Structures are given as C-alpha cells and as structure tokens.
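Trainee: Let's see this in three dimensions:
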Amino acid sequence: MAKKVRVQILDEGAKEVLTSQGVQQKIAEIVKGIAARANAAEGTPRAERGEVFGFEASVIPSPHTRAGGRATAVGPSARRRNAENNTLLKSMGGG
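Mentor: Predicted structure coming up:
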C-alpha cells in the first residue's frame, strides 16, 4: 500500500508567486468566465423585483498561502438549479 504524501511549500519565492497580483487577476478571469457561462445557461434564473439571482464570482486573496477563487449560486432558484443540473460543474467543462 502506498503511503500518503504530504507536500508543504516552504520556499518563500513560491509563496510570493502564488499570492501575487498577476495570479489573482488570472484567477478572477477564470472564475468570472465560469460564472458568465453558468448565467448564460438555459433556464438560469433572472433578477426580478430587485432580487439577486444567478451565479457570481469572487477572488479570495490569502497573503499567507495562495489566492483562490469561487463561483457561487446566489438566490434560492440558482441554488436549486445548480443542485439539480450541476450548472457550475458544467460551466467549468466538467460535464
């Protein structure tokens, strides 16, 4: 049986790259694209009466480890659609 391997980044240069502004911008670009494709999908709920619906993107900067991004379903209709159809997963190209 193979042992579990644990990798820990110790190099300050690698941390600097993973937390850089350029990496955060690229992550924002990718996550916004995923949210845009999810919003363009057929049957995605649209805003009505000032309520927030659909999918939105956000970047999660971390000064200590690395930047990350998140595309989330906003509103009950979008959450339901994502749960039923895996809209975000399909928007990533995963199905």
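
Trainee: pull the longest helix from the protein.
Mentor: For the chain, the helix reaching the highest residue count under DSSP state H is reported as helix 21-40.

Trainee: Now do that helix: everything it contacts.
Mentor: By Cβ atoms under 8 Å, 6 or more residues apart in numbering, the residues outside helix 21-40 that reach it are 17, 44, 54-59, 61, 66-71, 73, 82, 87-88, 90-92. All C-beta atoms are positioned from the backbone trio N, CA, C, and that covers glycine.

Trainee: rerun at 10 Å
Mentor: Identification of contacts with helix 21-40 by Cβ atoms under 10 Å, 6 or more residues apart in numbering yields 16-18, 20, 44-46, 53-62, 66-74, 78, 81-82, 85, 87-93.

Trainee: Show me those residues that map onto strands.
Mentor: Among these, the members falling in strands are 54-60, 68-74 (criterion: DSSP state E).

Trainee: What subset of the residues you listed is buried?
Mentor: Neighbour counting by 16 or more other Cβ atoms under 10 Å classes G54, F55, E56, A57, V59, G69, A71, A73, V74 among those as buried.

Trainee: This completes my enquiry, with thanks.
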